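S.K.: take a look and give me a structure for this.
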Amino acid sequence: MDDKTAIKQALAYVPQYFEFQREYMPFVGAQVAVRVDGELIFNEAFGYADLADEKPLTTEHLFRIASHSKTFTGVAIMQLVEQGKLRLDDEAQQYVPELKGSPMGSVTVRELLAHGSGMTRDGDDSTFWALNRPFPDREELLQTIREDGKVLEPNEHFKYSNIGYSLLGLIIEGASGVPYREYVTTNIVDRLGLENTGPELRMDRIDDYAKGYSVRAFGPNRIEIDHIDTFEESSATGFYSTAADVTAYFQAHLDGNDTILSDGSKRRMRQVQWTISDDAQYGLGLSITRVNGRTYYGHSGGYPGHITMSKFDPDRKLSISVLTNAADGPAADLCIAILHLIDLALDSKHEAKTDPQPDEKLAPFTGRFAGLWGILDVVNLGGRLYLLAPTSDNPAAEATEMEVVSDTGLKCVGDKGFGGYGEVMRYTFDENGRVSSIRGTSGARMIPIEEFVLPEKVTRPYDPASITV
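M.R.: Okay, here's the model as predicted:
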């Protein structure tokens with residue numbers, strides 16, 4: 001089985017997992033896409049675009065992808081470097097003369113791209129993030145940078161800054177001679193043919209956007225949050241897109257694709273500028289993360305009512321995007337869960353105990369089963385059977401590998417020893433070949449989820465008064 005086929009098999013479980021998670025750990029909606037070597041192999045949507053009207057979310061709905069915008073800004077800067085219109089070590093005031101003589105006028109393009117400028121994150125009054133007022137225009141942005149911009153000395157500490165990336169938008173305008181939104185649309189979006197991507201809110205397409213919602217921390221009822229133009233902060237947080245478009249965009253970041261940048265510039269963007277933690281670093285406009293021992297590049301996004309996460313792996317030529325439309329949307333958890341499932345299917349970190357088997361041999365055993373102790377999925381990943389817990393935010397973490405030992409039995413071969421290692425889980429089938437029940441390796445009986453009804457009470461099988469001690 002080749003890698004792409006194994007990945008598709010892992011992704012086949014995603015709808016089953018997502019629909020359960022949407023009920024178990026409620027989220028409004030999620031749009032998910034995965035590409036491998038240019039091919040869109042998964043593109044689905046779950047949940048709602050509009051809760052009040054119970055309008056289903058589709059793969060065509062637009063999301064505000066927020067800080068993904070920083071990756072587009074990074075590409076624009078590197079394009080201008082390639083054109084000789086600026087250098088990474090040029091000072092901001094060279095392209096934004098209003099900053100000459102101010103504390104932040106001498107910060108460099110590189111420092112801004114790497115979040116090493118020491119710039120304030122959002123300014124002293126960032127209530128626009130709660131829609132209490134509009135996002136800053138050019139005049140307010142420049143005033144914030146001049147008066148409140150400097151917090152640390154350059155390169156003193158990693159300090160994430162939306163104001164710093166908004167300044168990069170002004171630098172792009174100064175170096176290119178055209179407004180930021182026009183530049184990135186012409187030189188990135190249009191070059192890639194991204195029909196559902198742009199640098200700012202499109203009021204002419206407002207009905208195409210998934211509605212955003214508040215967190216559930218204050219109770220089960222969510223409130224709708226309007227979309228808002230980010231004005232001069234477009235280069236930090238203004239972009240909209242779909243999961244399919246985002247994955248196509250990140251495919252253009254892979255080596256060998258020169259549509260938007262040379263390989264040299266892309267490698268430069270991926271070079272580590274700051275180490276934030278054992279599993280998190282930052283390059284030039286790209287977040288760098290480690291998942292299950294592999295290195296991914298990409299970005300997250302947080303916009304009022306939308307949480308998003310996208311990553312790409314240059315080695316596997318894989319890009320993934322998960323977009324959610326609530327302020328507590330589990331985009332990062334869902335994205336990482338998918339990557340772990342892919343790893344399990346490809347056996348990159350997991351030492352499999354069995355050889356891959358044909359689908360027809362494994363299919364009779366797969367399904368979702370329920371009992372008093374919970375719910376269990378038996379899933380075919382890469383030609384091997386695994387027991388997975390759909391209640392987990394990382395179902396691959398405690399996956400138990402099972403080996404087919406008979407027409408009615410699976411032997412536990414991948415348990416760490418606390419479960420039923422070495423024991424056989426026995427299946428009972430009806431006359432139509434459907435699973436009637438399974439008796440697990442711990443002795444518990446489970447039945448298909450669609451037939452399970454939780455009793456009002458579970459009673460003991462004996463009368464305590466009849467017990468003589």
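S.K.: which stretches of the stretch 51-200 of the chain form strands?
M.R.: 55-56, 63-66 (DSSP state E, counting those that start in this stretch).
S.K.: for the stretch 301-450 of the chain, that is, sorry about that
M.R.: Under DSSP E, counting those that start in this stretch, the stretch 301-450 of the chain gives strands at 306-313, 318-324, 367-371, 374-381, 384-388, 400-406, 409-412, 424-429, 435-439, 445-448.
S.K.: any idea which of the ones you listed is most buried?
M.R.: strand 318-324 (a mean of 29; mean count of other Cβ atoms under 10 Å). Any C-beta I mention is one placed from the backbone N, CA and C, and that applies to glycine too.
S.K.: picking that back up, could I get the strands of the stretch 301-450 of the chain as JSON lines with mean pLDDT?
M.R.: Converted to JSON lines, the strands of the stretch 301-450 of the chain look like this (pLDDT from 0 to 100):
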{"stretch": "strand 306-313", "mean pLDDT": "98"}
{"stretch": "strand 318-324", "mean pLDDT": "98"}
{"stretch": "strand 367-371", "mean pLDDT": "93"}
{"stretch": "strand 374-381", "mean pLDDT": "93"}
{"stretch": "strand 384-388", "mean pLDDT": "94"}
{"stretch": "strand 400-406", "mean pLDDT": "95"}
{"stretch": "strand 409-412", "mean pLDDT": "94"}
{"stretch": "strand 424-429", "mean pLDDT": "95"}
{"stretch": "strand 435-439", "mean pLDDT": "95"}
{"stretch": "strand 445-448", "mean pLDDT": "93"}
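S.K.: can you say which of those strands is nearest to Leu341?
M.R.: strand 374-381 (6.8 Å; Cβ to Cβ).
S.K.: check which helices and strands the closest one is in contact with.
M.R.: helix 3-12, helix 14-24, helix 331-346, strand 367-371, strand 384-388 (3 or more Cβ pairs under 8 Å, 6 or more residues apart in numbering; DSSP states H and E).
S.K.: which helices and strands does the third one pack with?
M.R.: If contacts are counted by 3+ Cβ pairs under 8 Å, 6+ apart, helix 331-346 sits against helix 3-12, helix 14-24, strand 29-36, strand 287-291, strand 294-303, strand 306-313, strand 318-324, strand 374-381.
S.K.: between those, which one is nearest to Pro356?
M.R.: Going by Cβ to Cβ, the one of those nearest Pro356 is helix 3-12, 8.4 Å.
S.K.: name the residues that touch that closest one?
M.R.: 1, 34, 36-37, 39, 41-42, 316, 318, 338, 341-342, 344-346, 380-383 (Cβ atoms under 8 Å, 6 or more residues apart in numbering).
S.K.: mind doing that once more with 10 Å?
M.R.: The list of residues contacting helix 3-12 from outside it, by Cβ atoms under 10 Å, 6 or more residues apart in numbering, reads 1-2, 32, 34, 36-37, 39, 41-42, 44, 316-318, 320, 338-348, 356, 359, 379-384, 396.
S.K.: just stretch 212-220 next, same as before
M.R.: Residues outside stretch 212-220 that contact it (Cβ under 10 Å, 6+ apart) are 25-29, 48, 50-51, 63-64, 221-228, 303-307, 324-329.
S.K.: now the end-to-end length of that stretch.
M.R.: End-to-end distance of stretch 212-220 (Cα to Cα, to the nearest Å): 15 Å.
S.K.: gap between that stretch and the chain center?
M.R.: Distance of stretch 212-220 from the chain centroid (Cα atoms, centre = their mean, to the nearest Å) equals 20 Å.
S.K.: ditto for stretch 131-150
M.R.: 30 Å.
S.K.: one more: stretch 178-188?
M.R.: 26 Å.
S.K.: how about stretch 192-200?
M.R.: 19 Å.
S.K.: end to end on it, go ahead and measure it.
M.R.: End residues of stretch 192-200 are separated by 17 Å (Cα to Cα).
S.K.: next, the buried residues of that stretch.
M.R.: Leu192, Leu194, Asn196, Thr197, Gly198, Pro199, Glu200 (16 or more other Cβ atoms under 10 Å).
S.K.: please name the residues that touch the second one.
M.R.: When contacts are counted by Cβ under 10 Å, 6+ apart, Leu194 is found next to Thr185, Ile188, Ser241, Thr242, Ala244, Asp245, Val246, Ala248, Tyr249, Ala252.
S.K.: tell me which of the helices and strands packed on strand 374-381 sits nearest to Gly174.
M.R.: helix 331-346 (33.9 Å).
S.K.: the closest one vs strand 384-388, what angle?
M.R.: Interaxial angle of helix 331-346 relative to strand 384-388 (axes from the mean of the first three to the mean of the last three Cα atoms, to 10 degrees): 150 degrees.
S.K.: where does the chain dip in pLDDT?
M.R.: Counting by pLDDT under 70, the chain contains low-confidence residues at 348-350, 441-443, 469.
S.K.: show me what contacts the spatially most central residue of it?
M.R.: Nearest residue to the geometric centre of the chain (Cα atoms, centre = their mean): Met309, 2.9 Å. Each residue near Met309 by Cβ under 10 Å, 6+ apart is listed here: 65, 68, 246, 287, 289, 298-302, 320-324, 329-336.
S.K.: which residue ranges form the helices in the stretch 51-200 of the chain?
M.R.: 69-82, 109-113, 138-148, 162-176, 180-184, 190-192 (DSSP state H, counting those that start in this stretch).
S.K.: right, so of those, which gets closest to Gly409?
M.R.: That would be helix 69-82 among the helices of the stretch 51-200 of the chain, by Cβ to Cβ, at 49.9 Å.
S.K.: would you turn the strands of the stretch 51-200 of the chain into CSV with mean neighbour count and distance to Trp129?
M.R.: Shown next, in CSV, are these (neighbours: other Cβ atoms under 10 Å; distance: least, Cβ to Cβ, whole Å):
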stretch, mean neighbour count, distance to Trp129
strand 55-56, 14, 26
strand 63-66, 29, 10
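S.K.: distance to Ser234 for these - can I get that in a markdown table?
M.R.: Output for the strands of the stretch 51-200 of the chain, formatted as a markdown table (distance: least, Cβ to Cβ, whole Å):
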| stretch | distance to Ser234 |
| --- | --- |
| strand 55-56 | 28 |
| strand 63-66 | 11 |
